[in-house]
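*Asks:* Have a look at this prediction, sequence included:
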Amino acid sequence: MHRKWLVMLGIAAAVAGACGKATPAAPTAPAAAAVDTAAAVSAKAGSTCSIDIGATTRPLPALHFMTGMFAVASEQANLNCGLVRSLDAKLDAVAQALDQTPPNFAAGCGTSSALLNELQAMVARGALQNISFPPPAPDAPSTLLGLAEELNGSWCAAARGELTGPGGQ
């Protein structure tokens, strides 16, 4: 259980270290450059057809990183607006659930499970590529699907009370 928190904290550190950069790069570049690409794609948030959860009150770096990778993948796949809006709505709902005090892990689990199902279906039918990137932290997933599965599993474990934060909180 603590391994998952370490992976999530590692992802958080990778994202935090890359936040100030603005040079886009391909998603197969180093992790910091992959975050830069995600930020560049997410910067299109003014568009009605983009993936961006926007700012959150609580630090949710793993969710922001995953959102950025979804944005990169959807941009590369040139998804139609309906699919992009569907992914964005689910990511927004996960963000709203986790951006509460305390986080609503049950809602985050349910919505991220729906998001994971949609992602798996899109990858299976070839509508979306399961992009890969250097792991943002040791032992972290290095594909979009792997990242979505890992985070969904963490949020669902927290909802079941199986996963606690650092210090047993």
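*Replies:* Sure thing, it's come through.
*Asks:* low pLDDT regions in this structure?
*Replies:* Along the chain, the model assigns pLDDT under 70 to residues 1-48, 164-169.
*Asks:* helices and strands around the longest helix seen in it, which ones?
*Replies:* The longest helix of the chain (DSSP state H) is helix 105-124. Judged by 3 or more Cβ pairs under 8 Å, 6 or more residues apart in numbering; DSSP states H and E, helix 105-124 is in contact with helix 81-98, helix 144-159. The C-beta positions use only the backbone N, C-alpha and C, and glycine is treated the same way.
*Asks:* if we look at that helix, which residues are touching it?
*Replies:* The contact list for helix 105-124 (Cβ atoms under 8 Å, 6 or more residues apart in numbering) reads 83, 86-87, 90-91, 93-94, 96-98, 128-130, 144-145, 148-149, 151-152, 155-156, 158-159.
*Asks:* Only the buried subset of those residues, as a ChimeraX command please.
*Replies:* Buried residues within the contacts of helix 105-124, by 16 or more other Cβ atoms under 10 Å, are selected in ChimeraX with:
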select :83,86,87,90,91,93,94,97,98,128,129,130,144,145,148,149,151,152,155,156,158,159
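*Asks:* Run through the residues that contact residue 58.
*Replies:* Applying Cβ under 8 Å, 6+ apart, we find residue 58 in contact with 98, 99, 100, 101, 103.
*Asks:* The first one is in contact with residue 64, isn't it?
*Replies:* To tie it back to what came earlier, the one meant is residue 98. No. Contact criterion Cβ atoms under 8 Å: residue 98 and residue 64 do not qualify, at 10.8 Å.
*Asks:* Now do residue 65: how many residues are near it, please.
*Replies:* 26 (other Cβ atoms under 10 Å).
*Asks:* Taking their axis directions, the helix or strand where it lies and helix 81-98 sit at what angle?
*Replies:* Element membership for residue 65, per DSSP states H and E: helix 61-77. With axes from the mean of the first three to the mean of the last three Cα atoms, to 10 degrees applied, the angle from helix 61-77 to helix 81-98 works out at 180 degrees.
*Asks:* and helix 61-77, which residues are buried?
*Replies:* 61-75, 77.
*Asks:* Next: stretch 118-125.
*Replies:* For stretch 118-125, by 16+ other Cβ under 10 Å, it's 118, 119, 122, 123.
*Asks:* And for stretch 132-147?
*Replies:* For stretch 132-147, by 16+ other Cβ under 10 Å, it's 132, 133, 135, 136, 137, 140, 141, 143, 144, 145, 147.
*Asks:* Only C-alpha atoms, please: export it in CSV.
*Replies:* Output of stretch 132-147 as CSV, limited to C-alpha atoms (Å, rounded to 0.1, in the frame of the first residue of the first chain):
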residue,chain,number,x,y,z
SER,A,132,4.1,5.7,-23.8
PHE,A,133,6.4,8.0,-21.9
PRO,A,134,9.3,7.6,-19.6
PRO,A,135,8.1,6.7,-16.1
PRO,A,136,7.6,9.9,-14.2
ALA,A,137,8.9,8.1,-11.0
PRO,A,138,10.6,4.8,-10.3
ASP,A,139,8.2,1.9,-10.7
ALA,A,140,5.5,4.2,-12.1
PRO,A,141,3.5,3.2,-15.2
SER,A,142,4.9,4.4,-18.5
THR,A,143,1.7,4.2,-20.7
LEU,A,144,-1.5,6.1,-20.7
LEU,A,145,-3.5,2.9,-20.0
GLY,A,146,-1.1,1.9,-17.2
LEU,A,147,-1.2,5.3,-15.6
